[in-house]
Structures are given as structure tokens and as C-alpha cells.
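Novice: Quick one, structure for this:
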Amino acid sequence: DTLRVTRGADGVPVLTREGSRPHRLTVSAYDDAMRLVDSRDVQLGDEPVRLEDLAGRVVVPNSGDETFAVVRPDEQSWAAITAGLSSVESQLTRAMLWWTAVDLCESQDIGVGELVDLADRHLRPETHPLVFEGVMRALQSVTRRYAEPAAAADHLAVVADIARGAVAGGGPTLAPGASRVLARTSAD
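Specialist: Next up, the predicted model:
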């Protein structure tokens, strides 16, 4: 199933489901700096859910990763997410947003270069080892599978540089995973 956020001319976010089963999920709202301002449980079935009081807010459906579904944010929310992903306090929500970005890349809604740029800006400050390692594995996989051959080496060089930074300053929680990435991306 796909959980999609759209907005009308009034700026009110509308949550819809493309698929066959109902979902119970958390919808979180953020300000433009990705600071949490509201969170609520939502039942999403066949009928769209209008989130009237979240007009103008960044909306993240499935922020607690309660249901198995693809998330497609609206343009306003995606712009704020790409600008402030590393500012999201919840590691679970950050992980879900990273997987949304990876899925958008695999679905060719964003390019590999956009995903690598997102990582270059927002993965460097990541402190949670599972989030860091999961995203690093996904970056390598997506780059090798979907990047234009002429651009793949440059993308992998950015991934290696992120890993190098984590080895140098990430402490004992990030260094082992980052070292594995360096070994996988090394040319010597």
C-alpha cells in the first residue's frame, strides 16, 4: 500500500491510501525546521483523512513506523524533510524518512545524486548506528544498481567520505559499520 499526502488550495494536508487494507498509524506534524509540534493516531481506510488543524505544517505519516506501507509526502513536506532531516529528534522517524528517500530513489521519483546529496548533508551528523549503517548499505546498493555508470564512482566517493568521517569522529558505535563501508568502497 501507499500512504500519500496531498494538499488542496487551502493548504490542508489530506492523507489517502492506495491499496487494499486499512492502516492505523501515527501522523506527526513538524514546523519548517523539523521540530515536532503535534502527533496523533489516525485510522486510514478507503476514505481520505483531512488533517484540518495541520494546515501549513510539515506532515509525516507513519512516523512511528507502525504499518508496512510506502510513504509519499507532499511537496511542502518533502522540501522541509530534505532541508532538515538530521534535525528530526526521533531516531525511528529519521529511519523511516531515510527509507522513504531510498524508496523514492528506487522508484525513480528522485535521482541517485539527490539521495547521495541528502546523505552528504544529513547522514554525517547521524549518531544512531542502526540508522547510519542501514542508510550506508542502501546508498551503496542504490548507487550500484541505479546510478549512471559515469556518475557511480563519484557517488561512491561521497559515501566513502561519509564513512571516513564516521571512522574519524563517530566513536565506537559508528566506527565498525563505517569501517566496513570503507572496505567495500576502497579501490586499493
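Novice: Over the helix ranked longest in the chain, what's the mean pLDDT, rounded is fine.
Specialist: Ordering each helix of the chain by length in residues (DSSP state H) puts helix 149-169 first. If you average the pLDDT over helix 149-169, you get 95.
Novice: now it, how far from the centre of its chain.
Specialist: 19 Å (CA atoms, centre = their mean, to the nearest Å).
Novice: quick one: contacts of it?
Specialist: For helix 149-169, contacts defined as CB atoms under 8 Å, 6 or more residues apart in numbering pick out 112-113, 116, 119-120, 123-124, 132, 136, 139-140, 143-144, 147, 174-175, 177-179, 181-182, 185-186. The way it works is simple: take the backbone N, C-alpha and C, and place the C-beta from them, glycine included.
Novice: Kindly format the C-alpha coordinates of the helix or strand of the chain with the lowest mean pLDDT as CSV.
Specialist: Each helix and strand of the chain was given a mean pLDDT (mean pLDDT, DSSP states H and E); the minimum falls on helix 171-185 at a mean of 89. Taking Å, rounded to 0.1, in the frame of the first residue of the first chain, the C-alpha atoms of helix 171-185 are listed here in CSV:
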residue,chain,number,x,y,z
GLY,A,171,33.2,7.0,18.2
PRO,A,172,32.9,3.3,18.9
THR,A,173,29.2,3.0,17.9
LEU,A,174,29.6,4.2,14.3
ALA,A,175,33.3,3.2,13.5
PRO,A,176,32.7,-0.5,12.9
GLY,A,177,30.0,-0.1,10.4
ALA,A,178,31.8,2.9,8.8
SER,A,179,35.0,0.8,8.5
ARG,A,180,33.0,-1.9,6.6
VAL,A,181,31.8,0.7,4.2
LEU,A,182,35.3,1.9,3.6
ALA,A,183,36.5,-1.6,2.9
ARG,A,184,33.6,-2.1,0.4
THR,A,185,34.3,1.2,-1.4
